[in-house]
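# how does the following fold in three dimensions:
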Amino acid sequence: MNKPYVVGIDIGGTNTVFGIVDARGVVIASSSIKTQQYADVNEYIDELYKAIMRLLEAHNAVDKIHGIGIGAPNANYYTGMIEKLVNIPWPTPLPLAQMVSEKFGIPVAITNDANAAAIGEMTYGAARGLKNFIMITLGTGVGSGIVINGQVVYGHDGFAGELGHVIMKRNNGRLCGCGRTGCLEAYCSASGVARTAREFLEIRNDDSKLRDIPLDQITSKDVYDAAIAGDPLAKEIFQFTGNMLGEAFADFTVFSSPEAIILFGGLAKSGELLMKPIRESMERNMFPAFKGKVKILPSELKEADAAILGASALGWEAKFPTPATQPAVAPAASAE
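Just a heads-up that it's a prediction; the model follows:
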């Protein structure tokens, strides 16, 4: 490999983190800028360029970058566009891959954060060597990246794999941020766990440590802390969440026959509180042909570097130029 590094950029609503990454998945150096500080996207790209160039110069890597990978909300791998932004005041659709590529003179690839996590896991983490798996991100929402035969599934328009918006409750389901009701995300995200806690506390009389917290201030971390301390109601909330995730995973398995389902994000760190009910529920609801065949694995990406690594894995496959209006063939991720 002539150029031994890539740059990974993860664009969040508050911060943009970026880093230089080698082929083994080692983050050589990283930094960040404030995303929301720049109302004009051109000013943002100018500042991003300056910050990244400073990092490259400091590590003698200016001419050693193979490509740039970007993970961003609602980013479309095929077109290089960000289709919609909620927390960032830039006009959309936005041809961000093309803009960044032209600024740096380096090939750029972009996708949404869950697909970036899947590519990162396949390149550097728990999915190395796996050709068929599903990545589930359990954070503020529920994201997913589907890999079949070593290829990320994007669908005809770049938006395939929104498994967080599979409807789990058809009748009287919770309102989801997408505008529909009953979505998996409304129940099994970090915010969904907090909603479950509030509902349980409102309709039941059980003693619970959670009653010491104002109802509207309860977070998933509060539920976790209470469960670890032995609180029966908090444990039941995790059981409820794990049961629903297991049901969903059993259905996802019928679709793509994955070797593993890999969990990433804050809730995934809950250990057996969540993993045990997921495994039990998944096997209980599994189509017979798949029973005992699908592993549930935690991500192996380091938390501090995960966003950068996920985005950077795209950089190995970026091609130049990257026209924002031309569809691309979704490649298999590889750092080789």
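# okay, strands next: where are they in the stretch 101-250 of the chain?
Ranges of strands in the stretch 101-250 of the chain, per DSSP state E, counting those that start in this stretch, are 108-111, 133-138, 142-148, 151-152.
# pick the most deeply packed of those.
strand 108-111 (a mean of 29; mean count of other C-beta atoms under 10 Å). Using the backbone N, CA and C atoms, a C-beta is placed for each residue, glycine as well.
# for residue 213, see how far away the closest residue to residue 111 other than its chain neighbours is.
Nearest residue to residue 111 in three dimensions, chain neighbours excluded: residue 77, at 4.2 Å (C-beta to C-beta, 6 or more residues apart in numbering). Residue 77 sits 41 Å away from residue 213, taking C-beta to C-beta, to the nearest Å as the criterion.
# give me the pLDDT for the residue of the chain most remote from its centre.
Residue farthest from the centre of the chain, counting by C-alpha atoms, centre = their mean, is residue 205 at 36.3 Å. Note for residue 205: predicted pLDDT of 93.
# now stretch 121-132: buried residues?
121, 122, 123, 124, 125, 126, 127, 130, 132 (16 or more other C-beta atoms under 10 Å).
# quick check: of those residues, which lies closest to residue 317?
Comparing those against residue 317 with C-beta to C-beta places residue 123 closest, at 9.6 Å.
# from what I can see that closest one touches residue 313, true?
Yes: with contact defined as C-beta atoms under 8 Å, residue 123 counts as touching residue 313 (4.0 Å).
# looking at this, residue 60 is in a strand?
No: judged by DSSP: H, G, I helix; E, B strand; the rest coil, residue 60 forms no part of a strand; its state is coil.
# okay, now it: neighbour count?
When neighbours are defined as other C-beta atoms under 10 Å, residue 60 has 8 of them.
# sec struct for residue 9, please.
Assignment for residue 9 (three-state DSSP): strand.
# use 10 as the first number from now on
Taking 10 as the first residue, the last one we looked at is residue 18.
# neighbour-wise, which of residue 86 and residue 222 wins?
A side-by-side neighbour count of residue 86 and residue 222, using other C-beta under 10 Å, places residue 86 first with 24 against 16.
# how about a markdown table for the strands of the stretch 110-259 of the chain, with distance to residue 67 added?
Below are the strands of the stretch 110-259 of the chain laid out as a markdown table (distance: least, C-beta to C-beta, whole Å):
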| stretch | distance to residue 67 |
| --- | --- |
| strand 117-120 | 22 |
| strand 142-147 | 31 |
| strand 151-157 | 32 |
| strand 160-161 | 33 |
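# and residue 206, which of those strands is closest to it?
That would be strand 142-147 among the strands of the stretch 110-259 of the chain, by C-beta to C-beta, at 15.7 Å.
# against which helices or strands is that closest one packed?
Secondary structure elements in contact with strand 142-147, counted by 3 or more C-beta pairs under 8 Å, 6 or more residues apart in numbering; DSSP states H and E, are helix 122-133, strand 151-157, helix 241-265, strand 269-273.
# may I have it as PDB, with CA atoms only?
Taking C-alpha atoms only, strand 142-147 is exported to PDB below (Å, rounded to 0.1, in the frame of the first residue of the first chain):
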ATOM      1  CA  PHE A 142     -23.700 -10.000  10.000                       C
ATOM      2  CA  ILE A 143     -26.000  -7.300  11.300                       C
ATOM      3  CA  MET A 144     -24.600  -4.300  13.200                       C
ATOM      4  CA  ILE A 145     -27.100  -2.800  15.700                       C
ATOM      5  CA  THR A 146     -26.300   0.600  17.300                       C
ATOM      6  CA  LEU A 147     -28.200   1.100  20.600                       C
END
